[in-house]
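Asks: What follows is a predicted structure for the sequence shown.
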Amino acid sequence: MTIREKTIFAFADTHGKHREINIPSDTDIVVFAGDACEAGDQEQLTDFFDWFAALPVKHKLFVPGNHDLPFEFSPEFAVRMVPRNVTFIEQGEITLDGIRFYVLPVRPWLHEPLPLPSGVDVLITHGAPKGILDGGGQGCPILMELVDAAHPQIHLFGHSHLDGGKSLQMGDTLFCNVAMKGG
């Protein structure tokens with residue numbers, strides 16, 4: 001996808017199969033929306049970061065998923081695993097090449113509302129919003145309410161392999177499930 005003349009490539013849910021992904025050579029920003037490994041497998045996660053860091057892309061964003069367990073149970077250790085040329089973001093905002101990204105820690109659900117400002121270009125979460133490319137209703141209802149209120153231009157998410165690779169325009173927001181099918 002292209003926004004403000006920058007090409008963004010997003011993917012999620014590789015579960016150790018990241019080396020099967022081909023990143024287009026014209027990519028300016030690559031976004032990974034969680035589940036680099038299977039059930040916290042540290043060896044898979046280390047290999048993912050080695051591969052991800054070596055990508056010839058200016059900006060690399062990493063958002064953890066529910067299988068990236070070190071980020072939940074040993075966050076200080078996990079953050080030290082992230083290479084210097086990879087931006088780890090779990091919650092909050094970052095602007096890259098004039099594009100305003102916002103991340104919410106939806107792995108795969110929220111238990112209470114979190115702030116989501118309006119005017120966001122790209123929202124990134126691991127989990128899907130309820131009823132949107134979420135494998136038949138497995139998404140987060142709180143996230144759907146936040147997206148309905150804030151109207152990000154694009155919402156990138158994964159988690160639901162069933163609807164991986166699908167996009168849906170609803171109102172002002174383009175929803176993109178970037179999960180690897182069968183991952």
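Replies: Nice, I can see it. Predicted model, so just to flag it, every value in this text is computed and none were measured.
Asks: What lies in contact with the worst-scoring helix or strand of the chain on mean pLDDT?
Replies: Ranked by mean pLDDT, DSSP states H and E, the weakest helix or strand in the chain is strand 2-3, scoring a mean of 89. Contacts with strand 2-3, where a contact means CB atoms under 8 Å, 6 or more residues apart in numbering, come from 8, 99, 121-122, 153-154. No exception for glycine: its C-beta is placed from N, CA and C like everyone else's.
Asks: so which of those comes closest to residue 91?
Replies: residue 122 (14.6 Å; CB to CB).
Asks: Show me which residues of stretch 134-142 are buried.
Replies: Across stretch 134-142, burial judged by 16 or more other CB atoms under 10 Å covers 134, 138-140, 142.
Asks: distance between the ends of it?
Replies: 14 Å (CA to CA, to the nearest Å).
Asks: Okay, buried residues for stretch 66-83 please.
Replies: In stretch 66-83, counting by 16+ other CB under 10 Å, buried: 66-72, 78, 81-82.
Asks: can you pull the contacts of residue 42?
Replies: Residue 42 neighbours (CB under 8 Å, 6+ apart): residue 70.
Asks: let's see it at 10 Å
Replies: 69-70, 74, 77-78, 81 (CB atoms under 10 Å, 6 or more residues apart in numbering).
Asks: just checking, next helix/strand downstream of the top helix by length along the chain?
Replies: Secondary structure of the chain per DSSP state H: the longest helix is helix 42-53. The first helix or strand that comes after helix 42-53 along the chain, using DSSP states H and E, is strand 59-62.
Asks: which residues of the chain score low on pLDDT?
Replies: 182-183 (pLDDT under 70).
Asks: Quick one: the helices in it, in order.
Replies: 42-53, 70-73, 75-81, 141-150.
Asks: closest one to residue 110 among those helices?
Replies: From the helices of the chain, taking CB to CB, the stretch that ends up closest is helix 141-150, at 4.3 Å.
Asks: what does that closest one rub up against?
Replies: By CB under 10 Å, 6+ apart, helix 141-150 touches 102, 104, 106, 108-120, 123, 125, 127-132, 134, 140, 152, 155, 157, 170-173, 175.
Asks: Which residue is the nearest non-sequential neighbour of the spatially most central residue of the chain?
Replies: In the chain, the centroid-proximal residue (CA atoms, centre = their mean) is residue 33; its distance is 1.9 Å. Setting aside the residues directly before and after it, residue 33 is nearest to residue 12 in space (CB to CB, 6 or more residues apart in numbering), at 3.7 Å.
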